[in-house]
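**Q** need the 3D shape of this:
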Amino acid sequence: MTVENGMDSLEWTLLCGKDHHQATPSSSCQAESDAFALVSLLVAGKYSDVLRSEAACSLLGTNSAATDKDVTLLAESLDIQQFVKGRASLFTSENAPERQIQLLCIGVASLYAFLQSGWTGPLLDCNVVSLLPELVREKEDDLRKAAMVALVEDGEEVYPLTATPAFLVLARTIIVDCADLLKDCRSGKWWQARCLLTQQKLLDNPSDSLKNAVYEAMDAQTERLPDLDSWRDLHARFNVERGLAFHFHEENHKTVHCFTAAQEASKLEWNLTGALGKRTKFQTFEVSQLVVLAKSSGDAAETSAPTPKTLDLNDDTLLETPSFTAEANAAGETASHQSNLKVIDQCILLAFCLNVKNTNPSDGLTTEEMLPYVRRVLENPNNWMVHTMALLLRSRLESHKSRTVERACFQLQALVDQFALEESSVAERMLHIFSIELPPKWEMERELGERFISLGATRSALDIFERLEMWEDAISCYQMLEQPKKAEALVLERLKITPRSPKLHCLLGDIRADPEQYQLAWSLSDGRYARAMRSLGAHHFKRGEWTQAIESYHRALAINSLFENSWFVMGCAAMRAEEWDTAVRAFSRVVSIDHENGEAWTNLASVYVRQKKKREAWRALREAVRQHYDNPKIWENYMFTSVDLGEFQEAMHAMERVLEGRWDKAGSPKDQIVDVEVLDILVTAITDPSVKDASGQPATKHAQRLGTLLNSITSKVATQPALFACAARFARFRGLFRKALDYRLKAYRCMLHHPQMTDDERVFELTVKRAMELVDAYVEDGPKMEAPRMASAVVGEDKIDEGDVKSDEPETMVCKDWQYQARMTLKTLIGRTKTNFEDTPLHDSLKEKLQEIVELS
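**A** Predicted structure coming up:
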């Protein structure tokens, strides 16, 4: 870890939003004093003052003359990015760390100003145009349009009513595009990740380019963090933000590691447990209730900060929160009276709450598990935005219950309305904005519209979507109201205002099912609007036009590859078109985006089989069965591939899973749940000392496992003679002659009692085969001597199957009356089949065999 100087501490102070270490200038340098002054203004939430400071005016050319070359060029092109880049180079020409900090502060102030406009409120008292040269101030609308275009990434458009987008363009230009001018800033990569993730949240769909850039910046920042012991809150913030970035991009398997690291950095102690309590007002007995017991490191001071409007439940039965018993723990705390938490610890608990949702199915149990986290945070209203996030989560969780859905809806409306309130300071609202997964104001309003739809108030939702210019949602409302003509009229009306909007043409194509509209949208965007090709690809796929579908999806994914479903459909089309290489690439991309997509793993394995790449297919199927553990069909495919590759251990495990999956399935024929051909291959391989398994070891090493499998199968399936024949071969290989003879007898009896044995020549032929095998077994093994075997037992952790442990009793003959049993077997079969099959070759062979047995005696 490098030694920190005054500038480093200043950066960490800026990230934390408050001065933990009371950083002060280390010299009388004016540039350093100016840097400290800018950071102080940022920490106080005075972003307008930073953007109007002398340094910002110098960078943005606020007072520049209209005759300046760069100002004239800006007025002509409206390219804020190029204008700021040129002036930033001059601004940091001295290459002093202090000037770099000043430049960073201006970028951060722009980012905060943008977030204040769309995320936290209250309304901002300045705009970008007032900060630019006077020559361009009259072109505010044109500058806004240019900013909206500049924020488009990978063909994904920005929300059309985004407030003050030019502030984000300015922030990105300084923090990201001018990163080489901030090379001495140790927090530069962190701010890059924050800026790019903010831009990502504005897009219609996530951009793959931005996702990769965010991850790269986060990875780079891990090497530039300060000492853990001195800046624990900072490390906790970083890990929470990193986990939330993974959460936003639905890479949920990476989130828990980050949240756990944040907990360790903050020294938060928490536990999800149960405590006796009551949920209803009239409950007379206490039952176990889920509760989160959490304690911050050190003492978290009680605060009297203002909080958003919190609505009471006011239900005639349910309590506001569970009423817990008064039993205290070792620290003297009870489930209903816990100590205050640090704000960062509250953010960590909310992050873990999101992780519960990520790693569990969407059902009532998941909701019940998430609510204790939210309740624990709501107990201590320490920060306006963190409390807002907790209320939002509670609103989402309560929206599916009849007794709480009304409060959930009104609470969400209250959170939307509080945006313009000035009850809390700007600085407090911005303090932890990056540590919570709070959506922008318009997304919360969209969520309110969706909530109205779930309650049946579709018309109210329609009013919200039309006001927010969320035309796709508005069209969905018209379709739910069975008014498709009005939906089409709405799009046509909007096209009169913006005739070159690719999105509107795609919506019109959706309504009319007209692929020409998708082609037009593609042309209007100069081949950059990926949604047009995705829609066209779906159109071709539905019509069975596989080649055209592949081509359309290929064009769309070349622009923005972060679409799992598009890759999947493209892979399915490639399979239908037998373009195996394309299918492999598509499904490989799907599983790289979502490793838990079992359907993609299964399809990938199928393609590898077609390409005769058996080992690759086996690996893909191994992943598929992990995701679809209860799917017998996938296990069966895995079994076939494992046997083919000599993975006998895996093949037997797969056969067990197939047996378990199909045995309890209603309507499944019990005599068809075991693939006897595969079992025969396993028995043949494992009983042959010359056969090696996939690892080069003798296949005979798997004999005990196969014995266990056969015992399990034969205890359930009693009508498959080929199964008992396999079991007999294996038992004889292990020297279990008495057991092998018993299996041969069962195989013969299965055929002897077949209803068509005396009428069907094919059945008669199979019966003769089993009878001959049984008689041969009587002749060969009946006279042998064998000690009785003990039943299967468990020694330590290993199961010992029958045949591995001999009893102490003396050896006895396997079958004392083997000659009699052999004769009676043949006589019975000859007698039963005499009417229809006498004088046939098979029937005569039975008589000849009987004569041989008689002669032996």
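
**Q** next, residue 273: secondary structure please.
**A** Assigned by DSSP: H, G, I helix; E, B strand; the rest coil, the conformation of residue 273 is strand.

**Q** helices along the stretch 251-400 of the chain, start to end?
**A** 255-266, 343-358, 364-378, 384-398 (DSSP state H, counting those that start in this stretch).

**Q** out of those, which is closest to residue 774?
**A** helix 364-378 (54.9 Å; CB to CB). The C-beta positions use only the backbone N, C-alpha and C, and glycine is treated the same way.

**Q** that closest one packs against which elements?
**A** strand 269-280, strand 287-295, helix 343-358, helix 384-398 (3 or more CB pairs under 8 Å, 6 or more residues apart in numbering; DSSP states H and E).

**Q** would you turn those into JSON lines with mean neighbour count and mean pLDDT?
**A** As requested, those are exported to JSON lines (neighbours: other CB atoms under 10 Å; pLDDT from 0 to 100):
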{"stretch": "strand 269-280", "mean neighbour count": "15", "mean pLDDT": "93"}
{"stretch": "strand 287-295", "mean neighbour count": "19", "mean pLDDT": "93"}
{"stretch": "helix 343-358", "mean neighbour count": "24", "mean pLDDT": "94"}
{"stretch": "helix 384-398", "mean neighbour count": "23", "mean pLDDT": "96"}
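
**Q** lowest average confidence, helix or strand, in this structure?
**A** Lowest mean confidence among the helices and strands of the chain (mean pLDDT, DSSP states H and E): strand 793-795, at a mean of 39.

**Q** let me know how buried the residue lying closest to residue 810 once chain neighbours are set aside is, in neighbour terms.
**A** Nearest residue to residue 810, sequence neighbours excluded (CB to CB, 6 or more residues apart in numbering): residue 787, at 7.1 Å. Neighbour count for residue 787, taken as other CB atoms under 10 Å: 13.

**Q** and what of residue 530?
**A** So residue 530, with other CB under 10 Å, has 28 neighbours.

**Q** go on, residue 62?
**A** When neighbours are counted by other CB under 10 Å, residue 62 comes out with 17.

**Q** ditto for the one 5 residues further on
**A** For residue 67, the count of nearby residues is 8 (other CB under 10 Å).

**Q** so what pLDDT did it get?
**A** pLDDT for residue 67: 88.

**Q** next, it: secondary structure please.
**A** coil.

**Q** now do it against residue 93, distance only.
**A** 22 Å (CB to CB, to the nearest Å).

**Q** now the helices of the stretch 251-400 of the chain in a markdown table, with distance to residue 830?
**A** Output for these, formatted as a markdown table (distance: least, CB to CB, whole Å):
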| stretch | distance to residue 830 |
| --- | --- |
| helix 255-266 | 71 |
| helix 343-358 | 70 |
| helix 364-378 | 65 |
| helix 384-398 | 76 |
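
**Q** closest to residue 287 out of those?
**A** helix 364-378 (12.9 Å).

**Q** now the angle between strand 287-295 and the closest one, please.
**A** Counting by axes from the mean of the first three to the mean of the last three CA atoms, to 10 degrees, helix 364-378 lies at 40 degrees to strand 287-295.

**Q** neighbours around residue 758, how many?
**A** 15.

**Q** same deal with residue 773?
**A** 17.

**Q** now do the nearest residue to residue 269 once chain neighbours are set aside against residue 349, distance only.
**A** Leaving out its chain neighbours, the residue that sits closest to residue 269 by CB to CB, 6+ apart is residue 295, at 4.8 Å. Separation of residue 295 from residue 349 (CB to CB): 11 Å.

**Q** what sits in contact with each of the two?
**A** When contacts are counted by CB atoms under 8 Å, 6 or more residues apart in numbering, the set common to residue 295 and residue 349 consists of 268, 270, 341.

**Q** which residue packs closest to the second one, ignoring adjacent ones?
**A** What that stands for is residue 270. Taking CB to CB, 6+ apart, and ignoring the residues beside it in sequence, residue 270 has residue 294 as its nearest neighbour in space, at 3.8 Å.

**Q** list the contacts for the one you found?
**A** By CB under 8 Å, 6+ apart, the contact list for residue 294 reads 268, 269, 270, 271, 338, 341, 345, 349, 376.

**Q** tell me the one of those nearest residue 175?
**A** Closest to residue 175, out of all of the contacts of residue 294 and judged by CB to CB, is residue 345, at 28.3 Å.

**Q** who touches the closest one in this structure?
**A** 266, 268, 294, 296, 300.

**Q** wasn't residue 106 part of a helix?
**A** Yes: counting by three-state DSSP, residue 106 is found in a helix.

**Q** test my guess that it contacts residue 59.
**A** Yes: contact criterion CB atoms under 8 Å: residue 106 and residue 59 qualify, at 5.8 Å.

**Q** which of these two has more neighbours?
**A** Using other CB under 10 Å as the criterion, residue 106 and residue 59 rank with residue 106 on top: 28 against 23.

**Q** got a pLDDT number for the more buried one?
**A** 97.

**Q** with adjacent residues omitted, what lies nearest to it?
**A** Per CB to CB, 6+ apart, closest to residue 106 is residue 56, 5.0 Å.

**Q** now residue 18
**A** residue 43 (5.9 Å).

**Q** can you give me the distance of that neighbour to residue 430?
**A** 10 Å.

**Q** with neighbour numbers in mind, choose between those two.
**A** For residue 43 and residue 430, the more surrounded residue by other CB under 10 Å is residue 430, and the numbers stand at 22 against 17.

**Q** tell me the contacts of that one?
**A** If you count contacts by CB under 8 Å, 6+ apart, then residue 430 has 17, 45, 112, 115, 116, 120, 385 around it.

**Q** repeat that for residue 201.
**A** With CB under 8 Å, 6+ apart, residue 201 has these contacts: 248, 439, 440.

**Q** give me the number of residues near the first one?
**A** The reference is to residue 248. That count, for residue 248 with other CB under 10 Å as the rule, works out to 16.

**Q** okay but residue 623 is in contact with residue 599, surely?
**A** No: look at residue 623 against residue 599 with CB under 8 Å: they stay out of range, at 11.4 Å.

**Q** that older thread, out of the helices of the stretch 251-400 of the chain, the one nearest residue 856 is which?
**A** With CB to CB as the yardstick, what comes closest out of the helices of the stretch 251-400 of the chain is helix 364-378 (69.3 Å).

**Q** next one: that closest one to chain centre, how far?
**A** Centroid displacement of helix 364-378 relative to its chain, using CA atoms, centre = their mean, to the nearest Å, is 20 Å.

**Q** and that helix, which residues are buried?
**A** Buried residues in helix 364-378, defined by neighbour count with 16 or more other CB atoms under 10 Å: 367, 370, 371, 372, 373, 374, 375, 376, 377, 378.

**Q** then that helix to PDB, C-alphas only?
**A** What follows is helix 364-378 as a C-alpha-only set of coordinates in PDB (Å, rounded to 0.1, in the frame of the first residue of the first chain):
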ATOM      1  CA  GLY A 364     -44.100 -16.200  -0.600                       C
ATOM      2  CA  LEU A 365     -41.200 -17.800   1.300                       C
ATOM      3  CA  THR A 366     -38.700 -15.500  -0.400                       C
ATOM      4  CA  THR A 367     -40.800 -12.500   0.500                       C
ATOM      5  CA  GLU A 368     -40.900 -13.600   4.100                       C
ATOM      6  CA  GLU A 369     -37.200 -14.000   4.200                       C
ATOM      7  CA  MET A 370     -36.500 -10.500   2.700                       C
ATOM      8  CA  LEU A 371     -38.900  -8.600   5.000                       C
ATOM      9  CA  PRO A 372     -36.700  -8.900   8.200                       C
ATOM     10  CA  TYR A 373     -33.800  -7.100   6.500                       C
ATOM     11  CA  VAL A 374     -36.100  -4.200   5.500                       C
ATOM     12  CA  ARG A 375     -37.700  -4.000   8.900                       C
ATOM     13  CA  ARG A 376     -34.200  -3.800  10.600                       C
ATOM     14  CA  VAL A 377     -33.200  -0.900   8.400                       C
ATOM     15  CA  LEU A 378     -36.500   0.900   8.900                       C
END
